[in-house]
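[1] Here you go, sequence then predicted model.
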Amino acid sequence: MPIGPQVEMPKQSPEERVRNFDEVARGYDEGMAAAEAARCLTCPKPQCVPGCPVGVDIPGFIRLIKEGKPLEAARRIKETNALPAVCGRVCPQEEQCQKSCVLGARGDPVAIGRLERFVSDLERVSGVEMPGAVTPTGRRVAVVGSGPAGLTVAAELVRLGHGVDVYESLHEAGGVLMYGIPQFRLPKEIVQAEVEYVRRLGVRIHLDSTVGRLATVPELLRGGFDAVFIGSGAGLPNFLEVPGENLNGVYSANEFLIRTNLMRAYKFPEYRTPIQVGRRVAVIGGGNVAMDSARCALRLGAGRVYIVYRRGLEELPARHEEVENAREEGVAFELLTNPVRFVGDSRGYLSRMECVKMRLGEPDSSGRRRPMPVEGSDFFMDVDNVVVAVGQSPNPIIQQTTVGLEVSRHGTIVVDEETMAATLEGVYAGGDVVSGAATVISAMGAGRRAAKAIHGYVTRKGG
């Protein structure tokens, strides 16, 4: 019997959502979730599980939904994933678990992410059931950073009986989940509920605590910790390095999103966050961060917002869903276009942006066709603000204060990919500080691998 299409998830209309920061996607109700779960074939050799970086028992949790046991389904997911409400919202399932779903060969794959979101949201409002207590091992592990990699490592290790302390340099836990992803995609209350679950497991989280300043990694090891995991992310913005980039009105995406998210510009006037958004805003870049920045600018009052990207529509690295949402909301796409200069007025404020049109040449080392400038194609765009969203690099503070830690030329920490062990004994690392800016779920997968290796290391160390 033919299997029907995916059950669509309700969302706010474009006209409504550009006027608020409420979550765009509304989520499944019980009937929608049951109908979508019924599409799963419960394959004897499921291909979806190998596509999940954290190894969630996907057929198992969907089967529990079919049986009318959604809360048990949520608990099944949490056996391997401490942040399911986050993953159900922001993970690129279409490139991972859903890509391998056998239904996708002839139609729509099962909407695994939407089902994950449904059961985790239901559990949160129904009351989270905590796992039973474990016997303490007496081993202690320090985790640097409370983003997805750090929270995953912490949750895994504390459930094995180890003492875990997380050190977060900002005033709220969650890392990029808090400062980098807008409220309309990932509400802050969802992130904090997941953080609270990790706390309730027994993890101690220290805020406003910058490792490298408060204490170095070697000092943590000498101070009683048996191992250290570095999950400090990639919070250092990259720039275009073109004239005029220091003008008033030019933001890095990091600054723009931190002011919007962590400093809560989206709650103006309750929070009078210092952020300037003019009538015309250009966002440089084509990834998810660029889409987030453009959609935030619209909601903060911009009349016209442009995505300026040096390649074409097919090469946009952002999720298709986020590109479509941005286009529905009125974001204009200036493709095959690259800025070469920012021009200011007599007061030092941005007023125009000089660009050049591009064409695509032969593939570069990334496999994508190399953008080449078209001679004589220069033109000007009138803009009040620019947000530069062309990637991030790791902050070098830990690398510079940790003797013996091997670092790549890009500033990322060099590790063994299977164990995530760094070149300094007892030190492990994962997430964006190793890979460069990547996905939430890939950081969590690295955290899972690191936790397994750390458990073995501190167990052997303890004799």
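    In hand now; what should we look at?

[2] Could you list the buried residues of stretch 131-149?
    Across stretch 131-149, burial judged by 16 or more other C-beta atoms under 10 Å covers 137, 139-149. Backbone N, C-alpha and C define where each C-beta goes, glycine included.

[3] State whether Arg352 is indeed within a strand.
    Yes. Membership of Arg352 in a strand is supported by DSSP: H, G, I helix; E, B strand; the rest coil.

[4] Spatially, what comes nearest to it if we skip its sequence neighbours?
    Val343 (4.3 Å; C-beta to C-beta, 6 or more residues apart in numbering).

[5] what helix or strand does that neighbour sit in?
    Assessed by DSSP states H and E, Val343 sits inside strand 337-344.

[6] Mind checking the pLDDT average for that strand?
    Strand 337-344 carries an average pLDDT of 98.

[7] thinking again about what came up before, check whether the residue nearest to Arg352 really touches Met381, as I assumed.
    No. If you go by C-beta atoms under 8 Å, Val343 and Met381 don't touch, sitting 10.1 Å apart.

[8] joint contacts of the two?
    Residues touching both Val343 and Met381 by C-beta atoms under 8 Å, 6 or more residues apart in numbering: 352-353.

[9] Go through stretch 350-366 and flag the buried ones.
    By 16+ other C-beta under 10 Å, the buried positions in stretch 350-366 come out as 350-358, 360.

[10] what's the closest of those to Pro237?
    Minimum distance to Pro237 across the buried residues of stretch 350-366 is 17.0 Å, recorded for Leu350 (C-beta to C-beta).

[11] Spatially nearest residue to that closest one, not counting backbone neighbours?
    Closest to Leu350 by C-beta to C-beta, 6+ apart is Gly249, at 3.5 Å.

[12] Tell me, how many residues neighbour the one you found?
    20 (other C-beta atoms under 10 Å).

[13] domain assignment for this structure?
    Taking automatic domain parsing as the domain assignment, the ranges for the chain are 14-126, 140-235+394-461, 239-390.

[14] Save these as a markdown table, and put in distance to Gln6 too.
    Putting the domains of the chain into a markdown table (distance: least, C-beta to C-beta, whole Å) gives the following:
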| stretch | distance to Gln6 |
| --- | --- |
| domain 14-126 | 4 |
| domain 140-235+394-461 | 20 |
| domain 239-390 | 12 |
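
[15] Out of these, indicate the one that is most buried.
    With neighbours defined as mean count of other C-beta atoms under 10 Å, these peak in mean count at domain 140-235+394-461, which reaches a mean of 21.

[16] counting contacts, what elements does the helix or strand harbouring Gly88 pack onto?
    Using DSSP H and E, Gly88 maps to helix 84-90. When contacts are defined as 3 or more C-beta pairs under 8 Å, 6 or more residues apart in numbering; DSSP states H and E, helix 84-90 sits against helix 70-78, helix 112-126, helix 188-201, helix 440-461.

[17] and the last one with helix 112-126, angle?
    Interaxial angle of helix 440-461 relative to helix 112-126 (axes from the mean of the first three to the mean of the last three C-alpha atoms, to 10 degrees): 70 degrees.

[18] and what of the shortest one?
    Angle of helix 70-78 versus helix 112-126, following the same axes, to 10 degrees, is 110 degrees.

[19] Then the third one?
    Angle of helix 188-201 versus helix 112-126, following the same axes, to 10 degrees, is 70 degrees.

[20] quick one: average pLDDT of helix 188-201?
    97.

[21] Can I get that helix in CSV, CA atoms only?
    What follows is helix 188-201, C-alpha atoms only, in CSV (Å, rounded to 0.1, in the frame of the first residue of the first chain):
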residue,chain,number,x,y,z
LYS,A,188,15.6,30.4,25.1
GLU,A,189,13.2,28.7,27.5
ILE,A,190,13.7,25.5,25.6
VAL,A,191,17.5,25.7,25.8
GLN,A,192,17.3,26.5,29.6
ALA,A,193,15.0,23.6,30.2
GLU,A,194,17.6,21.3,28.5
VAL,A,195,20.3,22.9,30.6
GLU,A,196,18.3,22.4,33.8
TYR,A,197,17.9,18.7,32.9
VAL,A,198,21.7,18.4,32.7
ARG,A,199,22.0,20.2,36.1
ARG,A,200,19.5,17.9,37.7
LEU,A,201,21.6,14.9,36.5
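
[22] so where do the strands sit in the stretch 1-150 of the chain?
    Secondary structure of the stretch 1-150 of the chain (DSSP state E, counting those that start in this stretch): strands located at 140-144.

[23] can you give me the helices in it?
    14-17, 30-37, 58-66, 70-78, 84-90, 112-126, 148-158 (DSSP state H, counting those that start in this stretch).

[24] Next one, pLDDT for Gly462 please.
    67.

[25] Then Gly132?
    As predicted, Gly132 sits at a pLDDT of 85.

[26] For it, give its distance to Lys69.
    20 Å (C-beta to C-beta, to the nearest Å).

[27] Over to Gly4?
    From Gly4 to Lys69 the distance is 23 Å (C-beta to C-beta).

[28] again, but for Leu336
    51 Å.

[29] and Ala173, what is it in contact with?
    Applying C-beta under 8 Å, 6+ apart to Ala173 gives the contacts 146, 151, 166, 192, 195, 205, 207.

[30] can you redo these as CSV with distance to Gln276?
    Listed next are those as CSV, based on distance: C-beta to C-beta, whole Å:
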residue, distance to Gln276
Ser146, 30
Leu151, 33
Val166, 34
Gln192, 28
Val195, 31
Ile205, 33
Leu207, 28
